[in-house]
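S.K.: Below are the sequence and a predicted model; questions follow.
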Number of protein chains: 2
Amino acid sequence: MTIRINTARLLESVAELARIGASEGGGVTRLTLSDEDKAARDLLTTWMTEAGLDVRIDDLGNMTGVRRGSTDAPPVILASHIDSVVKGGRYDGALGVLAALEVVRTLNDNGIETAKPLAVVNWTNEEGVRFEPALLCSGAVAGAFDVGYVNDRVDRDGKRFGDELDRIGYRGEIENRPGSASAYLELHIEQGPVLEADDLPVGIVGGIFGLAWSEVTITGKSDHAGPSPMHLRRDPLIAAAEIIQGVERIATMEDDIAVATVGRVAVEPNVINTIPGKVVFSVDFRHPDESVLDTQVSRLEALVEHVCSERKVEGKVDTFWRSRPTPFDPAIVAAIRDAVRVLGLGERDLWSGAAHDAKYMADIVPSGMIFVRSQGGLSHAEGEYSTPEDIEAGANVLLLAALQLSA
Amino acid sequence: MTIRINTARLLESVAELARIGASEGGGVTRLTLSDEDKAARDLLTTWMTEAGLDVRIDDLGNMTGVRRGSTDAPPVILASHIDSVVKGGRYDGALGVLAALEVVRTLNDNGIETAKPLAVVNWTNEEGVRFEPALLCSGAVAGAFDVGYVNDRVDRDGKRFGDELDRIGYRGEIENRPGSASAYLELHIEQGPVLEADDLPVGIVGGIFGLAWSEVTITGKSDHAGPSPMHLRRDPLIAAAEIIQGVERIATMEDDIAVATVGRVAVEPNVINTIPGKVVFSVDFRHPDESVLDTQVSRLEALVEHVCSERKVEGKVDTFWRSRPTPFDPAIVAAIRDAVRVLGLGERDLWSGAAHDAKYMADIVPSGMIFVRSQGGLSHAEGEYSTPEDIEAGANVLLLAALQLSA
């Protein structure tokens, strides 16, 4: 029997959800626990209920729609999120939740009962734009944050997460947390250019990169731009420039996978006719192998020491955050690969450079992810786009993998 | 006859003036046309009057104290400024005005009449911190700005220069402008490290560097730091880093005099986990030879083009301000040199990297400057310091040069 999702219905749902919080540029602004988030949750509740799901809300606002299986085994979770960044796209997160819903609708259409239950999950506050940090409520479910911490997160207007959750009426019971499961699947747009470069619709995600965040501070001597001869200067910006170029080399010398980014730079006093006195910049290293991250941080430290000693400035590296790599479960990755093969799509393994709720869930449930090609690698932008063909391919991979894992 | 200034009296005047607008860190905040500026002007008026000077205020608030000569020849001007930056030092500007006053006091003590009159001048708004641009009122006297433009300068609180000038009671007559003169001498702290590096108390200033200010804009493609492989990135910051290093080379490859500074950098969106999309930075080239500045700007343009084409980003150079070099008058420089030799001080010729009122005055009067060593090359800082010995040396050079030029 060949069973496939209903692409038109899925696209229609994507379009309808995108009306809530729609931004002028064709994207959405649907910040966590905002009125728009509430409206989107209400619509999702309606759709879940119409699809016969038993909707359960937990104490963090995470929504789970359960479809019974023929056994009482722990469910297979199909999850993502419907919150967005400011002027984000309509696919980031939403596509994963709606593809999961479409899997359920398709099973209903075909009268298929799985052995294990299926659970469609919408995570609260994946983005972390309104309430930091990101992945807040999957993190709490996985034990990374406690509920007091979550409730006390405060947005820029001083509003508490807990109060806002009560305000929109989405605080439920702790026993409804989607914690215990036999498998976790998350479909998400790639948010990167790899699949487009390889001309493939979907990617099989091997895991989520580990990450090391450092802050580099270079202190020299600020002076008037005019009266200081070059040989008497101690300019921290030229040292920083050399290190920034070196950061790129630290990634490229490793392999094709390592990425390193300097995203934030602060120059003091940042005045046109003044030699800077201090430069602070961030370094973001990501890699699937934790030992490589260790090596990269060591290389950064050595580079900073070398450049600063040559340039007679002071350098300091503060590696203030580390996140270990999260390899996905081989059985889950294999189920996704089987689905890709059955569908005759090209097989492309890749790791996720960005974090997803699957990162935390992988700590407690065998997990995996499916990536759908994003046009131009774009995301967190109104112009975010995936073609109907790619969405169809991705949702069918989710369907077949879910069927295999819940059999 | 050996005539020398009274160092103790000069230092006492410096200390007394520094009480007006004194800042906690030992410096001064005496912004143009503020209450502190008014109080300092009042004290200066008292001192000028006590020294027998005929005090004249012009329509821009410039103060001139005239000491008659035995002839009606145009005067020799000894000038600087008593306004300061926020938390500036007590020597920048003030030392030049008070050394000029001390020259007059010394001549009085010794009953010396010069052939040409001497004029002690305090320029309004040298610093340009409260009202942009700097050198506003010497510029107006030299014809660079008209009086309407000057009066309409507005500070950050929306207050007009003209209104503030009236408020403190220092608007006088246009015929009192210190325009026509036979020579112009300005003593100023070096604001740079050259004299300290050479262990010399004073410098003979050959002129003021020409200057070219450019804004370089590099546009690439912003992306998530995680999901973008290095080879698919178009990161404008790495291009900028390469160019910033190149800017230093453009200066050092030229000669020992050329200076180049990148003082201001703006990265967009400036977020730790996002590849920058745009980087804008300033380039400040200074040199005594205008053709060298032309070459440097051309080299910058070529460098930006080369680096951006290699890195597949867009680069733009906007050279939005040029100021031609101002060589000082050979006869004035010679008079300063003679004074340095008579005093047995080491001869050190240098150019000023920073602008001074002498820059504009050189357009209309034969001009020259004397630099006094600044400890650590520091200025525009509360810790600005010149030793009593260096101040004495500088003021005596001013005295002897003034005597020669007014003979």
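M.R.: Cool, the structure landed.
S.K.: Give the burial count for the residue of the stretch 251-400 of chain A found nearest chain B, as a bare number.
M.R.: Of all residues in the stretch 251-400 of chain A, A:Gly353 sits closest to chain B, with a separation of 2.5 Å (Cβ to the nearest Cβ). For every residue, glycine as well, the C-beta is placed using N, CA and C. Using other Cβ atoms under 10 Å in any protein chain shown, A:Gly353 has 27 neighbouring residues.
S.K.: May I have the phi/psi pair for the nearest residue in space to it that is not next to it in sequence?
M.R.: Distance criterion Cβ to Cβ, 6 or more residues apart in numbering or on different chains; nearest residue to A:Gly353, sequence neighbours excluded, is B:Gly226 at 2.5 Å. Dihedral pair for B:Gly226: phi -80, psi -60, per degrees, to the nearest 10.
S.K.: Please apply the same query to A:Thr387.
M.R.: Torsion angles, degrees, to the nearest 10, at A:Thr387: phi -70, psi 160.
S.K.: what sits against it?
M.R.: By Cβ atoms under 8 Å, 6 or more residues apart in numbering or on different chains, the contact list for A:Thr387 reads A:373, A:375.
S.K.: try it again with 7 Å
M.R.: A:Thr387 sits next to no residue when contact means Cβ atoms under 7 Å, 6 or more residues apart in numbering or on different chains.
S.K.: So, low pLDDT: which residues of the stretch 251-400 of chain A?
M.R.: For the stretch 251-400 of chain A, not a single residue meets the criterion pLDDT under 70.
S.K.: for chain B, what are the nearby residues on it?
M.R.: Residues of the stretch 251-400 of chain A lying close to chain B by Cβ under 7 Å from any Cβ of the partner chain are A:251-252, A:256, A:259, A:261-265, A:267, A:270-276, A:282, A:284, A:286, A:352-354, A:377, A:379.
S.K.: Recalculate using a threshold of 6 Å.
M.R.: A:251-252, A:259, A:261-265, A:267, A:270-275, A:282, A:284, A:286, A:353-354 (Cβ under 6 Å from any Cβ of the partner chain).
S.K.: So which of these belong to helices?
M.R.: Mapping those onto helices (DSSP state H) picks out A:251-252.
S.K.: Number of residues surrounding the residue nearest to A:Gly353?
M.R.: Neighbour count for B:Gly226, taken as other Cβ under 10 Å: 22.
S.K.: Just the buried ones from the residues of the stretch 251-400 of chain A next to chain B, in PyMOL syntax?
M.R.: In PyMOL syntax, the buried subset of these is picked out as below (16 or more other Cβ atoms under 10 Å in any protein chain shown):
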select buried, chain A and resi 251+259+261+262+263+264+265+267+270+271+272+273+274+275+282+284+286+353+354
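S.K.: which residues does A:Ala181 contact?
M.R.: By Cβ atoms under 6 Å, 6 or more residues apart in numbering or on different chains, the contact set of A:Ala181 is A:74-75, A:77, A:365.
S.K.: Dump those residues into JSON lines; add neighbour count and secondary structure as well.
M.R.: JSON lines is the format used below for the contacts of A:Ala181 (neighbours: other Cβ atoms under 10 Å in any protein chain shown; DSSP: H, G, I helix; E, B strand; the rest coil):
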{"residue": "A:Pro74", "neighbour count": "16", "secondary structure": "coil"}
{"residue": "A:Pro75", "neighbour count": "26", "secondary structure": "coil"}
{"residue": "A:Ile77", "neighbour count": "29", "secondary structure": "strand"}
{"residue": "A:Val365", "neighbour count": "24", "secondary structure": "coil"}
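S.K.: what's the farthest-apart pair in the residues you listed?
M.R.: A:Pro75 and A:Val365 (9.9 Å; Cβ to Cβ).
S.K.: Quick check: closest non-adjacent residue to the residue of chain A most remote from its centre.
M.R.: Ranked by distance from the centre of chain A (Cα atoms, centre = their mean), the top residue is A:Pro227, with 49.6 Å. Among residues not flanking A:Pro227 along the chain, B:Gly192 sits closest, at 2.6 Å (Cβ to Cβ, 6+ apart).
S.K.: mind checking how far the one you found is from A:Gly169?
M.R.: 67 Å (Cβ to Cβ, to the nearest Å).
S.K.: still on that earlier bit, mind checking what secondary structure the residue nearest to A:Pro227 has?
M.R.: Following DSSP: H, G, I helix; E, B strand; the rest coil, B:Gly192 is assigned to coil.
S.K.: Quick check, pLDDT for it.
M.R.: Note on B:Gly192: pLDDT of 89.
S.K.: doesn't A:Ser228 make contact with it?
M.R.: Yes - if you go by Cβ atoms under 6 Å, B:Gly192 and A:Ser228 touch, sitting 5.4 Å apart.
S.K.: In terms of packing, which of the two has more residues around it?
M.R.: B:Gly192 (27 against 24).
S.K.: what sits against that one?
M.R.: A:227-228, B:377.
S.K.: at 10 Å instead, please
M.R.: A:223-224, A:226-229, A:232, B:203, B:259, B:350, B:352-354, B:371, B:373-374, B:377-379 (Cβ atoms under 10 Å, 6 or more residues apart in numbering or on different chains).
S.K.: still on that earlier bit, quick one: common contacting residues for B:Gly192 and A:Ser228?
M.R.: The contact sets of B:Gly192 and A:Ser228 overlap at B:259, B:353-354, B:377 (Cβ under 10 Å, 6+ apart).
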